[in-house]
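Colleague: only geometry, no sequence info:
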């Protein structure tokens, strides 16, 4: 199946600095989107570090016998390690972090990994479906029934992350496979 990739970032209307980063593998094997944490020093640097570390890890171990899930988990943990290392070297960026989503086309089914509120969507026909589940306070509150989707959209804590890259306590990354048809379109998006 032939895959076409494109990417675009924009700082939006609120920030003067674009804290997003992305990478499209020239061979169509994977793509990466990261969104630096807006209110924290170094968000732009965190998204750049994460994107680069994930890209290097995937390139280096692409042909390994590891399962795709294991490969993606290791890539995200390597990105987290790289950000923590940069935080130590640059104390002014000690609170930087980033969200990220990665899709790989390595096995029979594509896999995605994500952390934070960077999302993967699939457009099939006229139906747009969110594939990933946000790591936010409101997503957790909706899941347990404390908030409705309408309440979550305007809740003052809607951007409070429960997971991101750049944290000492990161141990687990969400990885899943998903199906694609030749006419499907997938979209990675960062939340503003």
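Modeller: In hand now; what should we look at? Treat the numbers as computed from the prediction; the structure is a model and nothing was measured.

Colleague: where does this protein have its least confident helix or strand?
Modeller: strand 185-189 (a mean of 67; mean pLDDT, DSSP states H and E).

Colleague: just the buried positions in the strand or helix carrying residue 140, please.
Modeller: Using DSSP states H and E, residue 140 sits within helix 137-143. Residues 137-139, 141-142 are the ones in helix 137-143 that count as buried (16 or more other CB atoms under 10 Å). Quick note: C-beta positions are derived from backbone N, CA and C, even for glycine.

Colleague: check which element follows that helix along the chain.
Modeller: Per DSSP H and E, the first helix or strand lying C-terminal to helix 137-143 is helix 149-154.

Colleague: remind me what the helix or strand harbouring residue 88 packs against, helices and strands.
Modeller: Assessed by DSSP H and E, residue 88 sits inside helix 68-89. The contact analysis (3 or more CB pairs under 8 Å, 6 or more residues apart in numbering; DSSP states H and E) places helix 68-89 against helix 43-61, strand 98-104, strand 111-115, strand 174-177.

Colleague: what average pLDDT does that helix get?
Modeller: Averaging pLDDT along helix 68-89 gives 96.

Colleague: which residues touch that helix?
Modeller: Residues outside helix 68-89 that contact it (CB atoms under 8 Å, 6 or more residues apart in numbering) are 42, 45-46, 49-54, 56-58, 61-62, 64, 66, 93-98, 100, 102, 104, 106-107, 111-113, 115, 165-168, 170, 173, 175, 177.

Colleague: quick one: contacts for residue 164?
Modeller: Contacts of residue 164 by CB under 8 Å, 6+ apart are 37, 97-99, 115-116, 135, 170.

Colleague: can you pick the most crowded of the residues you listed?
Modeller: residue 98 (32 neighbours; other CB atoms under 10 Å).

Colleague: is that residue in contact with residue 46, as I believe?
Modeller: Yes: taking CB atoms under 8 Å as the definition, residue 98 is a contact partner of residue 46 at 4.0 Å.

Colleague: settle this for me: residue 25 is touching residue 31, isn't it.
Modeller: Yes: in this structure, residue 25 is within contact of residue 31 by CB under 8 Å, at 6.4 Å.

Colleague: out of these two, which sits in the more crowded spot?
Modeller: Neighbours per residue (other CB under 10 Å) separate residue 25 from residue 31, with residue 31 holding more: 22 against 17.

Colleague: tell me the SS of the more buried one?
Modeller: Three-state assignment for residue 31 (DSSP: H, G, I helix; E, B strand; the rest coil): strand.
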